[in-house]
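Peer 1: A predicted structure for the sequence below; I have some questions about it.
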Amino acid sequence: MHDVNASRAANAFAPLTASAVLVNAVGLHARPSVKLTQCAKSFVAKIEFALAPDGPWTDAKSPVKVMRVKAPQGATLHFRVAGPDGKAALAAVLALVHDGFGEA
Amino acid sequence: MAEIHLIGRAASPGLAIGPVTMLTAVVTRRTASDDPAQEAAALRAAIEGARAELAEQIKTIQGEVADILEFQVAMLEDDALAVAAYEVISVGITADHAWRLALDVEIAGYRAAEDEYFRARAADIVDIRDRVLAHLSGVDTVARITGGSIVAADDITPSAFLAADWSHGGAIALAAGSPSSHVAMLARARGAPMVVGLGPLSWNGQPPALALVDGDAGSVIFDPEPETRRLFEQRMVAANTALAAAEAASLAPAYTADGRRIAVLLNIAAPEDLAGLDPAICDGIGLVRTEFLFEASHGLPDEDTQYAVYRRILEWVQGRPVTIRTLDAGGDKPIPGLTVDGESNPFLGLRGIRLSLARPEVFRVQLRALARAAVHGVLKVMLPMIAVPSELDRAGVMLDEEVAALRAKGIACARPPLGIMIEVPAAALCAEDFGAAFYSIGSNDLTQYTMAAARDIGAVADLNDAGNPAVLALIARTVEAAGKRGVEVSLCGDAAADTRLTTALLATGLRTLSVAPLTVARLKTAIAKVGS
């Protein structure tokens, strides 16, 4: 299950954060990375993730960078999203991770 | 010359014997310019050429192979891959050298990964590197492999594998490599034996001429002695005989030990799932998932694309019935641009038929394509996630309207019978109240909605049991409703392939089970033991 602690400040574009656990068998591998970046690219918002709550942050729209993280199964992905469609973007990437990228 | 025994790890099962083809690194030459701007442009063009070439290949394929190539396309489309190369080009390094340097750093990063799966991605990056280098030098560097040969190499790229014909034998013996590599996945799918991790392949003088590959034990014998070869060939004959017997059994209709005829249908997700199969292994196709069409097209596929795919499946099955499920998006199958993002509980939200009724402009295209395909065989159409009779009725009205519109235009079509998937407990309890042409029990969702437990949540996964008496009671109730109404009923969830449940499922009165092609032989064996 994902643990949504979405916090929204007065400023509409302030970063939203939330985290989700990678449940699919081999972690954030080739196909999930492509799905995550395709999903992220469908939003205007800047979408980043990290393996720790305080970074280092990785651009979720770059498959090359997402794959470099080599996130294993069971890792917690912390997302940081900022932009006009940030709320929808955050919900979409969390749903993708939560559902095991359709592979779980 | 003495035979050489090497032990590695099994990556794809089976036995093979054949001449050895050594794959060695291809050296390419190109004339570089000394203008950094020209070199950067050359690299940009080569990357774009490689990307376009892959995108073109993807159009002709679907499924696992397409996923592998789509990953490479996504990497090539990402500017981050070449940033380091452009940086060194700007200080005077040639494009090919710069690209090799940048990608070798990337490859080294994967090779150093702790996780075997990520280590196995190195072969994909090598593939990307070499494809772009080929475009830079204007020569074809993808090694050509002769059909039926044993490929010996350090590692092999998906492109090299895909360029070869594996239909007449052949196998792969790698010094490095991984059972988690994309090539290993492809080898298993194509039935090519593969052994990895053999260690350095070095010969004194002549490279070996012949090799025996044991993809079950994970060993390879180069230049076998005549006696070794004879014993190996005996094993191959025995293995082939056993395989042929199992295949022959799977081609025969299924009967229980006490003589009940059980229809075994196939579940497929794309026409490619039928490649290499004999239609005789099944009594028809019980479930065609159509979500793949919507994923592959990266949008909403048009009517002609859908029609062509449905028609292909109907023609393959040679007159046997085919049940195609209308789009079952939502829940665990989001489709960008169609499903609703951010639902608090997608499994209880706008999914299946609910989404189709909410997006009639998408649904009607699918209904038209199905009505047109219906003239090419015995087609039945199944609606997913039905909870109340009005959903079926509304879909029926839309189908009638589309059929009438097609006829008015003089387009060949037929109205396929409309059935419903039984996966919501409400529909199972009141199945008799639906004017459905047939029922197909979707045991995965029926189980999760009945037990209120998802199978991907480890802490409650044991509750997600299709063999629970409550789930079996709902299945039995549906079978009873079908009997009263005189319509067909089948079961197409994972429970159908779970041979521990075969006896319990058939005890409910079910006579039709639909499973993935790979599990047909196992299911038929299990059915033959029921009632003995």
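Peer 2: That came through fine. Worth saying up front: this structure is predicted, and the values here are computed from it rather than measured. Numbers count the residues shown, from 1 in each chain, chains lettered A, B, ... in the order given.

Peer 1: Rounded mean pLDDT for stretch B:182-189, please.
Peer 2: The pLDDT scores in stretch B:182-189 average 82.

Peer 1: what comes up buried for that stretch?
Peer 2: Neighbour-count burial for stretch B:182-189 flags B:182-189 (criterion: 16 or more other CB atoms under 10 Å in any protein chain shown). In short, each C-beta sits where N, CA and C put it, glycine included.

Peer 1: Filter the residues you listed down to the ones in strands?
Peer 2: Counting by DSSP state E, no part of the buried residues of stretch B:182-189 is found in strands.

Peer 1: just these now: which is nearest chain A?
Peer 2: residue B:182 (7.7 Å; CB to the nearest CB).

Peer 1: Any figure for the gap between that closest one and residue B:188?
Peer 2: As defined by CB to CB, to the nearest Å, residue B:182 lies at a distance of 11 Å from residue B:188.

Peer 1: next one: residue B:336
Peer 2: 30 Å.

Peer 1: what does chain B put close to chain A?
Peer 2: B:67-68, B:70-71, B:74-75, B:77-78, B:80-81, B:106, B:109, B:113-115, B:117-118, B:121, B:124, B:180, B:182, B:332-334, B:336-337, B:341-343, B:346, B:456-457 (CB under 8 Å from any CB of the partner chain).

Peer 1: count of neighbours near the closest residue to chain B within chain A?
Peer 2: The nearest approach of chain A to chain B comes at residue A:91, 3.0 Å away (CB to the nearest CB). Close neighbours of residue A:91, defined as other CB atoms under 10 Å in any protein chain shown, add up to 20.

Peer 1: Where does residue B:287 sit: helix, strand or coil?
Peer 2: strand (DSSP: H, G, I helix; E, B strand; the rest coil).

Peer 1: I'd assumed residue B:323 was in contact with it.
Peer 2: Yes. If you go by CB atoms under 8 Å, residue B:287 and residue B:323 touch, sitting 6.1 Å apart.

Peer 1: Find me the pLDDT at residue A:103, would you?
Peer 2: pLDDT at residue A:103 comes out at 63.

Peer 1: Equivalent analysis for residue B:140, please.
Peer 2: pLDDT, read off for residue B:140, is 59.

Peer 1: How confident was the prediction at residue B:458?
Peer 2: Looking at residue B:458, the pLDDT reads 67.

Peer 1: Tell me which of the buried residues of stretch B:182-189 fall in helices.
Peer 2: B:182-189 (DSSP state H).

Peer 1: Now those residues in a markdown table, please, with extra columns for distance to residue B:3.
Peer 2: Listed next are those as a markdown table, based on distance: CB to CB, whole Å:
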| residue | distance to residue B:3 |
| --- | --- |
| B:182 | 31 |
| B:183 | 26 |
| B:184 | 26 |
| B:185 | 31 |
| B:186 | 29 |
| B:187 | 24 |
| B:188 | 27 |
| B:189 | 31 |
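
Peer 1: could you pull out the strands for chain A?
Peer 2: A:16-21, A:46-50, A:58-59, A:76-82.

Peer 1: do the same with the stretch 251-400 of chain B
Peer 2: B:254-255, B:261-268, B:285-288, B:321-325, B:378-383 (DSSP state E, counting those that start in this stretch).

Peer 1: sorry, back to before: just give me the neighbour total for the residue lying closest to the residue of chain A closest to chain B once chain neighbours are set aside.
Peer 2: Leaving aside its sequence neighbours, residue A:91 sits nearest to residue B:342 (CB to CB, 6 or more residues apart in numbering or on different chains; 3.0 Å). Residues lying near residue B:342 (other CB under 10 Å) number 14.
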